[in-house]
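Participant: quick one, what's the 3D model for this:
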Amino acid sequence: TPQRHFGFEAAAWYWHFVDVVWLFLFVCIYYLGRSAIVAG
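Facilitator: Numbering: from 1, shown residues only. As a prediction, the model looks like this:
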């Protein structure tokens, strides 16, 4: 049904968004940690 399809699509978009957010956070924390180590 169209409603069921929309629910699945919304869930898929949500999890893609969550993945991108976690990837962004991981990269930011990684670079912040490296810059803190380099700074001393």
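Participant: what segments of this structure are helices?
Facilitator: Taking DSSP state H, the helices of the chain run over residues 2-39.
Participant: so where is it shaky, pLDDT-wise?
Facilitator: The model of the chain has pLDDT under 70 over residues 40.
Participant: could you rerun that using 80?
Facilitator: Confidence mapping of the chain against pLDDT under 80 gives the ranges 3, 37-40.
Participant: ok, how many other residues are close to residue 3?
Facilitator: Applying other CB atoms under 10 Å, we find 7 other residues in the vicinity of residue 3. Yep, even glycine has a C-beta here, placed from its N, CA and C like the rest.
Participant: against residue 9, how distant is it?
Facilitator: Counting by CB to CB, to the nearest Å, the separation of residue 3 from residue 9 is 11 Å.
Participant: over to residue 18?
Facilitator: Going from residue 18 to residue 9 by CB to CB gives 15 Å.
Participant: kindly report the same for residue 1.
Facilitator: Counting by CB to CB, the separation of residue 1 from residue 9 is 13 Å.
Participant: the two: who's more crowded?
Facilitator: Comparing residue 1 with residue 9 by other CB under 10 Å, the one with more neighbours is residue 9, at 10 against 6.
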